[in-house]
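Participant: structure for this input, please:
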Amino acid sequence: MKKQNHCVSPVRVMDLRGTYKGGGGPDKTILLSAKHHNPERVDVLVTYLRDPRDDEFEIDKKAAELMINYVDVSDKYLLDLKCVRQLHLLIKKFRISLLHAHDDKTLLYGWFLKQINPHLHIMYTCHSYANYTREDFKSNLEYLNHIVRDRIRIFLMKKYSKPILTISEDTKKRLIKSDLKKENISVLPNGIDCDYWKRENGRSVLKDELSLRPDEYLVGTVARIAYDKDLPTFFKVAQAVVKKMPNVKFVIVGDGYGDELLHAKKIVDELALNMHVYFTGHRNDLLDIYPSFDLFLMTSLSEGMPNTVLEAMAMGIPVVATNVGGVPELVVHGETGALAETGEYIRLVRYVLMLLRDNVVSGEFSIKSRDRILNKFSFKKRVEILEGLYVFKRVLKYY
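Facilitator: The predicted structure is shown next:
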């Protein structure tokens, strides 16, 4: 019997994501993917879980600007069954055949939705994965909480449609170490819209906002304020650098889940760095933030493939970062930036001072950084591969 072609109509996809303050995150990737998908192949409904207490939420505005199909659903609790029901109704209403989850929460909700809708294909992209040990936590209770969440996460990934997607080779290796099979994981690196993320599209706003003098440098980072960003090392670098170059200022752009920002400010006060380290809180005008930086500094303990580094490099900002996750897949040490191991603040200090003092080297890093992103991290290619995976999943349904 001749097999019929069931792939005439586009695949209906729910791209499901939770929201978090600050940092780069996959938010831009998800919204921009929906904008660039071929509507003849893929019909995407971008769906966000929205914390009703988040008064800085602006993803709906970004979605409106991009003119994409978008909806957000209120998500109040650790497990909000009302939210799951609303997602189920959206799946029915829009005849969704494939749900693409992007974080722990949507990974869990996707499993519930699969039980209610057996026909639903579930895909998952793991944007970051850390193999933490007991030494990384303050108490046994915190470590136990991590172990339970991690085992649930791995269990659900094993239940989901294959392949599980990751955004870096490093994340893939970590998942294999946690008992996922190598053949069930595929790497789809992050991409970036280099026509948007270029220096001439932005305005340098922070130096004026912070009332910096023309002879003062600004070293910045864009990050969610959380344990894995290792801000204590960031502060150590700042403390050592300003002793050598008092005209250097540091800024952290981002917020935390709770009172992390207040706690970070307290540490800066205790270190007597409040005249050298600034906090902006959450910002949505990142296109105007990066041009303000003379250098981008990232001190993370773990990363996937950080959008913030992609953005900084695309904007031609020299990067000094820790050699974690997918960062070395982006930053070529000594060519497009400089890398040090986690916690090696003395080496990070050396690189920061070198790049601030040597305009020739920092200028070369700037040019080569943008060239690398242009040549190696094409957003268009990423969207084409993703579309192929979506269509392949739907084809499998009929064979």
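
Participant: just give me how far stretch 277-293 sits from the chain centre.
Facilitator: Here the centre of stretch 277-293 is set off from its chain's centre by 16 Å, with Cα atoms, centre = their mean, to the nearest Å.

Participant: now what about that stretch, what contacts it?
Facilitator: The contact list for stretch 277-293, computed with Cβ atoms under 8 Å, 6 or more residues apart in numbering, reads 21-22, 56, 58, 196-197, 199, 201-207, 209-210, 218-220, 222, 235, 238, 249-255, 261, 264-265, 268, 296, 311-312, 315, 317. All C-beta atoms are positioned from the backbone trio N, CA, C, and that covers glycine.

Participant: how far does that stretch stretch from start to finish?
Facilitator: The stretch stretch 277-293 measures 13 Å between its terminal residues, going by Cα to Cα, to the nearest Å.

Participant: what about the residue nearest to D193 when sequence neighbours are not counted, how many residues close to it?
Facilitator: Nearest in space to D193, with sequence neighbours left out and distances taken as Cβ to Cβ, 6 or more residues apart in numbering, is F379 at 5.1 Å. For F379, the count of nearby residues is 22 (other Cβ atoms under 10 Å).

Participant: isn't F379 right next to I192, touching?
Facilitator: Yes: distance between F379 and I192: 5.7 Å, which falls inside the contact criterion (Cβ atoms under 8 Å).

Participant: mind listing the strands for the stretch 51-200 of the chain?
Facilitator: Secondary structure of the stretch 51-200 of the chain by DSSP state E, counting those that start in this stretch: the strands cover 70-74, 98-101, 121-126, 164-166, 185-187.

Participant: pLDDT weak spots in the stretch 1-150 of the chain?
Facilitator: Within the stretch 1-150 of the chain, the segments meeting pLDDT under 70 span 1-8, 20-28.

Participant: give me the element K249 is part of.
Facilitator: Assignment of secondary structure by DSSP states H and E places K249 within strand 248-253.

Participant: okay, now the domains of this structure?
Facilitator: Annotated domains of the chain cover 11-191+378-396, 199-376 [automatic domain parsing].

Participant: who touches the residue nearest to D193 in this structure?
Facilitator: The contact partners of F379, taken as Cβ under 8 Å, 6+ apart, are 32, 36, 191-194.

Participant: format the residues you listed as CSV; extra columns: distance to A101 and neighbour count.
Facilitator: Output for those, formatted as CSV (distance: Cβ to Cβ, whole Å; neighbours: other Cβ atoms under 10 Å):
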residue, distance to A101, neighbour count
L32, 18, 20
H36, 20, 17
G191, 19, 25
I192, 22, 23
D193, 23, 17
C194, 27, 18
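
Participant: nearest to E65 among the residues you listed?
Facilitator: When these are compared for distance to E65 (Cβ to Cβ), L32 wins out at 11.2 Å.

Participant: verify the stated contact: the closest one with D195.
Facilitator: No: under the criterion of Cβ under 8 Å, L32 lies out of contact with D195, with a separation of 11.0 Å.

Participant: quick revisit: just the pLDDT at the residue nearest to D193, thanks.
Facilitator: The confidence metric pLDDT takes the value 86 at F379.

Participant: and it, how close does it get to W111?
Facilitator: Distance from F379 to W111, counting by Cβ to Cβ, to the nearest Å: 30 Å.

Participant: also I154?
Facilitator: When distances are taken as Cβ to Cβ, I154 and W111 turn out to be 13 Å apart.

Participant: repeat that for V320.
Facilitator: Counting by Cβ to Cβ - V320 and W111 are separated by 40 Å.

Participant: of those two, who's got more company?
Facilitator: The residue with more neighbours, out of V320 and W111, is V320; 28 against 17, by other Cβ under 10 Å.

Participant: can you tell me how far that one sits from F296?
Facilitator: Applying Cβ to Cβ, the value for V320 to F296 is 7 Å.

Participant: now do V241
Facilitator: According to Cβ to Cβ, V241 and F296 sit 14 Å apart.

Participant: what does V84 give?
Facilitator: From V84 over to F296 the distance is 39 Å, taken as Cβ to Cβ.

Participant: okay, those two: which has more neighbours?
Facilitator: The residue with more neighbours, out of V84 and F296 and counting by other Cβ under 10 Å, is F296; that gives 24 against 18.

Participant: host element of the spatially closest residue to the more buried one that is not a sequence neighbour?
Facilitator: When the adjacent residues along the chain are set aside, F296 lies closest to A312, with 4.0 Å between them (Cβ to Cβ, 6+ apart). Counting by DSSP H and E, the element that carries A312 is helix 307-314.

Participant: alpha carbons only: can I get that helix in PDB?
Facilitator: Below are the C-alpha coordinates for helix 307-314, written out as PDB (Å, rounded to 0.1, in the frame of the first residue of the first chain):
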ATOM      1  CA  ASN A 307      23.200  34.100  25.200                       C
ATOM      2  CA  THR A 308      24.900  36.900  27.000                       C
ATOM      3  CA  VAL A 309      28.300  35.900  25.700                       C
ATOM      4  CA  LEU A 310      26.800  35.400  22.200                       C
ATOM      5  CA  GLU A 311      25.400  38.900  22.400                       C
ATOM      6  CA  ALA A 312      28.500  40.500  23.800                       C
ATOM      7  CA  MET A 313      30.700  38.900  21.100                       C
ATOM      8  CA  ALA A 314      28.200  39.900  18.300                       C
END
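
Participant: mind listing what's buried along that helix?
Facilitator: By neighbour count, and taking 16 or more other Cβ atoms under 10 Å as the criterion, the buried residues in helix 307-314 are 307-314.

Participant: burial check on F137, number of neighbours?
Facilitator: Residues near F137, counting by other Cβ under 10 Å, number 16.

Participant: what angle separates the lengthiest helix in the chain from strand 121-126?
Facilitator: With secondary structure taken from DSSP state H, the chain has its longest helix at helix 140-159. Angle between the axes of helix 140-159 and strand 121-126 is 140 degrees (criterion: axes from the mean of the first three to the mean of the last three Cα atoms, to 10 degrees).
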